[in-house]
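Asks: Give the three-dimensional model of this entry:
(one chain, ligands or ions: 2)
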Amino acid sequence: MRFTPLFWPALLAIGCIASDSQGADATWPFDLETTGQDVVWTSTTPIDTTAGRYRFEYLITMAEADGTVGGFPIGTIDILEMLPPEQVSDVGYAQGPAPVVVWNSSIVAPEPPDSPAVTADVQIFVDAAGFAHMSMTNVVLGTTAIDVGPPFGLVSVTATRIQMSGSIFADAIEITSDLNDDCVVDTADLGLLIAQFGSDAEQSDINDDDIVDTADLGLLISEFGSVCE
Ligand SMILES: [Ca+2]
Ligand SMILES: [Ca+2]
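Replies: Ligands and ions are numbered 1, 2, ... in the order given. This next block holds a predicted model:
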């Protein structure tokens, strides 16, 4: 995961802010809750569907489960810390235009070798109209050993409900090779690509083939000097 500070020149920032009203970026709070059935959350606002590339970031800020011990409800347990860090927060890129699949992953908590209290397939995609959808499917609620604190300590808990909420942040990147999303393809983008050359860093993997190489460099050079309209 890589977080890159953005230093936007004032004029370009004004241009980008002006285009925000057209959905150049979006922040979508999400909330998913299931007692075992498939669930889908849909964003209330769309993002620009015509972008050459999208940058997405999601952050889970709350994850909790209801459980039972020996058939008796024990209330709600915070399970956020049971999720692997790479599942709590992640950054990804997708080629535009929409529709695009942003993430396909599986959640398993807690991680092996513990038996999972919950497993689920999680997908995030943006439809042709620009609305984001996040789904949890194939949800299996199981039994695992959890330390619920005094007076019970380590007990065998069966999950009966799971809820997750957080935010998805989306940027519509107009120019495919504008790696730092500042509306111009210049030496800053070239520097990023060179720094990530040979890696699988999504930020610089312009053609989305899981390697930053001369193909991506060629694309960037072909767009060098391009600015947002
Ligand atoms: Ca740039
Ligand atoms: Ca590539």
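Asks: Give me the below-cutoff pLDDT ranges for this structure.
Replies: Applying pLDDT under 70 to the chain flags residues 1-23.
Asks: ok, and for the top strand by length along the chain, which residues are buried?
Replies: Scanning the chain for the strand with the most residues, using DSSP state E, yields strand 154-173. For strand 154-173, burial by neighbour count (16 or more other CB atoms under 10 Å) applies to 157, 158, 159, 162, 163, 164, 166, 168, 170, 171, 172, 173. C-beta here means a position set from N, CA and C on the backbone, and glycine is covered the same way.
Asks: how near is the most centrally placed residue in the chain to ligand 1?
Replies: With distances taken as CA atoms, centre = their mean, residue 58 lies nearest the centre of the chain, 3.5 Å away. Remark: distance between residue 58 and ligand 1 (CB to the ion, to the nearest Å) = 23 Å.
Asks: host element of that residue?
Replies: strand 53-69 (DSSP states H and E).
Asks: by contact count, what packs against that strand?
Replies: In terms of contacts (3 or more CB pairs under 8 Å, 6 or more residues apart in numbering; DSSP states H and E), strand 53-69 is packed against strand 72-78, helix 85-88, strand 89-95, strand 100-109, strand 118-126, strand 154-173.
Asks: just checking, residue 81 is part of a helix?
Replies: Yes - under DSSP: H, G, I helix; E, B strand; the rest coil, residue 81 falls within a helix.
Asks: Name all residues that make contact with it.
Replies: Listed by CB atoms under 8 Å, 6 or more residues apart in numbering, the contact set of residue 81 is empty.
Asks: got it, and residue 159?
Replies: Contacts for residue 159 (CB under 8 Å, 6+ apart) come out as 65, 66, 67, 117, 118, 141, 142, 143, 144.
Asks: where's it relative to ligand 1, distance?
Replies: The gap separating residue 159 from ligand 1 is 45 Å, by CB to the ion.
Asks: re the thing from before, now for the residue nearest to the centre of the chain: which residues touch it?
Replies: With CB under 8 Å, 6+ apart, residue 58 has these contacts: 30, 89, 90, 103, 124, 166, 167, 168, 169.
Asks: go on, residue 204?
Replies: When contacts are counted by CB under 8 Å, 6+ apart, residue 204 is found next to 179, 192, 193, 195, 196, 197, 212, 216.
Asks: Lovely, talk soon.
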